[in-house]
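S.K.: Structure here, sequence nowhere to be found:
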């Protein structure tokens, strides 16, 4: 989640752990589509942002949904890699909160 965590233990004070900042980031690795299908490089150059929703699992009680709201996802510079002879695309991303704040990412367990 990109949390910056600080442990404080001061004389004559309480012990506490504070989250002082966060910067949620991810690196998605997908099988590289053709540029005609989707040009992630042009998206990165243009500074395109958008929303994200990923659902993992199919059985009730074992489903996790990760969501980043509209305009909450900022794409970094994509790079190529290789996995078992297939061309892969690495997509570094940063989840950005809206103007109301504290909403850049949510996890739902269902």
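M.R.: Everything's here; your move. Being a predicted model, the structure only gives us computed values, none of them experimental. Residues are numbered from 1 along each chain as shown.
S.K.: Doesn't residue 42 lie inside a strand?
M.R.: No. Counting by DSSP: H, G, I helix; E, B strand; the rest coil, residue 42 is not found in a strand; it is helix.
S.K.: ok, it to residue 65 distance?
M.R.: For residue 42, the distance to residue 65 (CB to CB, to the nearest Å) stands at 28 Å. C-beta: built from backbone N, CA, C; applies to glycine.
S.K.: Name the residue in the two with the higher neighbour count.
M.R.: residue 65 (14 against 10; other CB atoms under 10 Å).
S.K.: And stretch 27-44, end to end?
M.R.: One end of stretch 27-44 to the other measures 14 Å (CA to CA, to the nearest Å).
S.K.: and for that stretch, what are the contacting residues?
M.R.: 48, 75-78, 80-81, 83, 86-93 (CB atoms under 8 Å, 6 or more residues apart in numbering).
S.K.: All the helices of this protein, residue numbers only.
M.R.: For the chain, helices defined by DSSP state H occupy the ranges 40-46.
S.K.: quick one: furthest residue from the center of it?
M.R.: residue 12 (39.8 Å; CA atoms, centre = their mean).
S.K.: Now do it against residue 6, distance only.
M.R.: In this structure, residue 12 and residue 6 are 19 Å apart, going by CB to CB.
S.K.: where exactly do the strands run in the chain?
M.R.: For the chain, the strands defined by DSSP state E occupy 3-9, 15-22, 25-31, 49-56, 64-75, 79-83, 86-95, 106-109.
S.K.: What number of residues are in the vicinity of the closest residue to residue 4 other than its chain neighbours?
M.R.: Take residue 4 and drop its neighbours on the chain: the residue closest to it by CB to CB, 6 or more residues apart in numbering is residue 21, 4.2 Å away. Counted by other CB under 10 Å, the residues lying close to residue 21 total 10.
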